[in-house]
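Student: For reference, the sequence and a predicted model appear below.
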Amino acid sequence: MAVIPLALALICSFLVYSHATQQQEDLLPFAEFNEYSQGGGQGYMERVMESHRKHGAPSHPLHNQRDTVKSGTGKASFTIKMGETRPFSHFFETSVGSGHMSLTLRQDWREHLTMAQRDLGVKHIRGHGLLDDDMSVSFGYQQHAFYNVDSLVEFLMSINMRPIFELSFMPTWLTSGNHTVCHYKGNSDPPKNFSQWGELIGALGQHLVSKHGEDVASEFFFEVWNEPNDHFWRGTQAQYFQLYQEAAMGLKNASDKLQVGGPATCCPDCWISDFVNFTTTQGVPFDFISSHAYASCSMSGLGSVDKVAGELMQARSNLDNVTKGKNVPWLVTEFGDNCAQGIGSGSNYFPSAIHDMIDQSSFTIAAVDRLAGPGEPTALSYWAISDVFEEDFFPIHNESFHGAFGLVNLHGIPKPTYRAYQLLHETGDTQVVVERPPTPQPQGTCGTPVVGMDIWGGDISMVAGNFSIEQCCDLCKNTSNCDIAEIWHVAAGTEGYRCALKSWAGHKNVTSDSGRTYVNVTKLPFTDDELCAKNTGVLAVMNGSSQIDVFVYNHASFVDDINTCNVTVEFSQLSVNHFDLGQIAQKASIRRIDETHANPLMAWIDMGMPDYTTNEQNAAILNASQLVTEPFLSVATVESPTSFSMTMSPHSVAVLRFML
C-alpha cells in the first residue's frame, strides 16, 4: 500500500494550510496555485507576501500554550548492547541546502557556511538558481561568463567544501515562456531550444574541468533542475527527461568523470522509477539519484518522524528494486520537518515556526536514529543553512526568528537544530545497538459505518489498495489527527477500495455519494508510560574504544501528545570484567537542548520579541544558543553499576559522554 500525498511539497512560493483557524480569505487553496493572476508560482508568492504584511511573522507556541504537552510523567527503559555494533556513516553531513546562488556571493552567507563547516562538518552545499540572470552566467548561445561560479567554487574549496550544482533555472534568453518562481523570479519554463541548453551545460562542465582539473571537478555533483514534478518546472515529464538528457550528455562530453543525476523531485519516491527506466532504455548516463523529503508542508504530519522516515525507507526499497540492487548513490538533496516558509497567518499554529523551535532539534536526532544503518541515503541534506534566504523576501517582522529555514538566523546565531547537528558531528563512527521498549499500539473504536455519504475536505492522506472499512479505520487509529476513515470504490479492475484518512476539524461539508462509506474513529489516549515508550529514544555511538556518546531524546509530532519521561538506560554485553558506572560517572558530562538550554528563541521571546535586535541583544541571544557542558551527576542518577536514569522534558535532547 502506498500513501499518496494530497499536496506536493513546494519549498518556494506556496503553502498548504489545514488548521481550522487559518486565514482563508488571504490565502489561495492549492488548486488555484497554478493559474493565479496568470503567473502561477510568482503570483502566489506575491499573495503570500500580502499575508505576511497583514499578519506578521508566525507565532512560536511554548509548551505551556500547547494542549498536546501533557503534565504527567511516565517512564521508559532502554538497553545498550555493547557487543553489537555497526558503522555510523554521518550521512547527514554530506550536504546542506541554501537559498538561491546569488546569495552565496554575500559575506554574511559565507560566514554562516564557514561556521557550519567548522561545527557541523558539512561537505557540500546546494541551492537554486545557478543559471538565473542575477548570477550572470549565460547571455546567449555560446555566450557565457563563469566568474561568479568560480567565485563560489574557490570559496568552497577554501573551506574544504564542494558544490552540488543544481542546474536551474532557465536563462531569460533561452526560456520558452514567462513563468517564474520566487522573489528572484527564476524562469521555470522549458528551453526554447534543448540543444542550446545542452551546449550551455556542456560549456559549464568544460570550464570547471579546465579551471580546476578533472579530478577536482569530479568531486562536484550536477543535479538537473529542482522539483520538476511541481511548479518549479512548467514542462512535462517527457520534456524534463529531454532536459536531463541534453545536460547529462553535455557534461559527459566535457569529462566522463563529472557526476550527474536527477530527478530532484519533491517527494522521496516521485518519478524515480520513470527516471531510471528512461535513462536505462535511452542509454543516458546517471551517477546518482536525487529527491526531497519533508515531514509536512502544513499541520498534517508536522514533526512526524514516522511519516518522513517511512517514506524514505519505501523510496529506498523501490530504488533498489528498479536498479536491481546496484546500490546507486541516493542524495536526498532537501530534508526537513516542514517545507513552508515563515509567513504569519494570525494563528499560533503556523507550521513554519517549527524551524526556530526545539521541536525540530528532537525531530532531527530521532530521524537520524531511525534512518541510520542499511538503506540510509548517501546524503540527507538539511534545508537550509541560513536565514540569509530570499525565496519569498527578507522578513518585514521578527528578523531574528521568523520561521525561515536556516540552521542559523540572519545574525549568524545557531538555532536548536544547528546544535543537534553539532552534537551528531562531534560523535564517533560506530553505532551501538539499542533495545527499546515495545511501541504501544493505538487503541480506539470504530463507529457504525455510514453508507452513501462523503465527508468532503479535512483530508490528511489517501492510501491505495483494497480496503474494508475496518482496515481503513485501523489506519486512522495510527494516524495523527485522524478521526474520520472513508472508503470509496475505484473503477472496476483497478485497486479496489481506497482509504481516505480525514480530520473532522478540517471538513467542509457532508454530501451524498453512493460509492462512499465513512466511520467516525474514537481514539483512547495513551497512558503516561505508553507515551514515553512511544516518544523517547536512545542513540549510542562509540568514538574509538574508550568513549561512548549516548543521545537521549523525547519527541512527538506537533499534533501528538507528549509528556515528561524518566528514562532508564542499561549497559549490557560488557567486554570488561569490571564496569562500574558509579566510577565512570564521576568524569562523565552532559549537554542538553530543551526550552532552557541551547534555545536562543526563548531569550528573544523574553526580550519582548523585538522586530530588530541591537548588537547587545544579539550577543545575549548568541550566549543563550551555546551548548553548555555540565557534570553528568548534576542531571542524571546512577541506578546500578551498569545503569543510569534521567528526566527528559518534552522535545528535549541530551547527550551524555562517558569515558570508558
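Tutor: Yes, it's here.

Student: And the longest strand anywhere in the chain, what does it pack against?
Tutor: Secondary structure assigned by DSSP state E gives strand 497-524 as the longest strand of the chain. When contacts are defined as 3 or more CB pairs under 8 Å, 6 or more residues apart in numbering; DSSP states H and E, strand 497-524 packs onto strand 443-446, strand 450-463, helix 469-477, strand 484-489. The C-beta positions use only the backbone N, C-alpha and C, and glycine is treated the same way.

Student: can you list the residues that contact stretch 128-142?
Tutor: With CB atoms under 8 Å, 6 or more residues apart in numbering as the test, stretch 128-142 has contacts from 12, 99-102, 144-149, 165-174, 182, 184, 186-187, 193, 196, 199-200, 203-204, 226, 391.

Student: Quick one: buried ones out of these?
Tutor: For the contacts of stretch 128-142, a neighbour count by 16 or more other CB atoms under 10 Å gives the buried set as 12, 99-102, 144, 146, 148-149, 165-171, 173-174, 182, 184, 186-187, 196, 199-200, 203-204, 226, 391.

Student: Just to be sure, which of those residues are found in strands?
Tutor: In strands, judged by DSSP E, the following of the buried ones among the contacts of stretch 128-142 are found: 144, 165-167, 186-187.

Student: Check those against T522 and report the nearest one.
Tutor: E166 (46.6 Å; CB to CB).

Student: Next up, identify which helix or strand the closest residue to that closest one other than its chain neighbours is on.
Tutor: Spatial nearest neighbour of E166, excluding adjacent residues (CB to CB, 6 or more residues apart in numbering): E223 at 5.0 Å. Taking DSSP states H and E as the criterion, the element that holds E223 is strand 221-224.

Student: Identify all contacting residues around that strand.
Tutor: Contacts of strand 221-224 (CB under 8 Å, 6+ apart): 124, 126, 162-167, 201, 205, 243-244, 247-248, 251, 258-264, 288, 290, 331, 333.

Student: Next: stretch 99-115.
Tutor: 98, 122, 125, 127-130, 132, 134-135, 148, 151-152, 155, 159, 161, 182, 184, 186, 384-386, 388-391, 406, 408, 410, 412, 414.

Student: cool, and stretch 511-518?
Tutor: Contact with stretch 511-518 is made by 449-456, 469, 484-489, 502, as judged by CB under 8 Å, 6+ apart.

Student: Just want the most central residue of the chain.
Tutor: By CA atoms, centre = their mean, the chain has its centre lying nearest to G336, at 1.3 Å.

Student: Give me the number of neighbouring residues for the residue nearest to that residue when sequence neighbours are not counted.
Tutor: Spatial nearest neighbour of G336, chain neighbours left out: W383 (4.9 Å); criterion: CB to CB, 6+ apart. Neighbourhood size, W383 [other CB atoms under 10 Å]: 28.

Student: Tell me who's in contact with W383.
Tutor: 11, 97, 292, 334-336, 405.

Student: Show me which of the residues you listed is closest to F91.
Tutor: Nearest to F91 among these, with distances taken as CB to CB, is F335, at 10.6 Å.

Student: Just the CA trace of the helix or strand where that closest one lies, in CSV.
Tutor: Using DSSP H and E, F335 maps to strand 330-338. Below are the C-alpha coordinates for strand 330-338, written out as CSV (Å, rounded to 0.1, in the frame of the first residue of the first chain):
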residue,chain,number,x,y,z
TRP,A,330,20.9,8.4,-3.4
LEU,A,331,21.1,12.0,-2.5
VAL,A,332,18.2,13.4,-0.5
THR,A,333,19.0,17.0,-1.5
GLU,A,334,16.4,18.6,0.6
PHE,A,335,15.3,17.4,4.0
GLY,A,336,13.4,18.9,6.9
ASP,A,337,10.4,18.9,9.2
ASN,A,338,8.3,21.4,7.2
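
Student: Any idea how far it is from the middle of the chain?
Tutor: 5 Å (CA atoms, centre = their mean, to the nearest Å).

Student: Which residues does the next helix or strand after that strand contact?
Tutor: Tracing the chain past strand 330-338, the next element assigned as helix or strand by DSSP H and E is helix 358-371. Helix 358-371 is contacted by residues 91-92, 295, 303, 305, 308-309, 312-313, 336-337, 354, 377, 380, 382, 415-417, 419-421, 423-424, 537, 539, 551, 553-555, 558, 593-595, 598-599, 601, 651-653 when judged by CB under 8 Å, 6+ apart.

Student: Just name whatever secondary elements the helix or strand just after helix 358-371 is in contact with.
Tutor: Later in the chain than helix 358-371, the nearest helix or strand by DSSP H and E is strand 379-382. If you count contacts as 3+ CB pairs under 8 Å, 6+ apart, strand 379-382 packs onto strand 95-97, strand 124-127, strand 330-338, helix 358-371.

Student: Now do strand 379-382, average pLDDT.
Tutor: Strand 379-382 shows an average pLDDT of 98 in the prediction.

Student: In that strand, which residues are buried?
Tutor: Quick answer for strand 379-382 (16+ other CB under 10 Å): 379-382.

Student: same thing with stretch 614-634?
Tutor: 617-618, 621-622, 624-625, 627, 632.

Student: Mark which of the residues you listed are part of helices, please.
Tutor: Under the assignment DSSP state H, those contribute 617-618, 621-622, 624 to helices.

Student: In JSON lines: those residues, plus pLDDT and distance to S400.
Tutor: Compiled in JSON lines, those are given as follows (pLDDT from 0 to 100; distance: CB to CB, whole Å):
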{"residue": "Q617", "pLDDT": "98", "distance to S400": "8"}
{"residue": "N618", "pLDDT": "98", "distance to S400": "8"}
{"residue": "I621", "pLDDT": "98", "distance to S400": "7"}
{"residue": "L622", "pLDDT": "98", "distance to S400": "11"}
{"residue": "A624", "pLDDT": "98", "distance to S400": "12"}
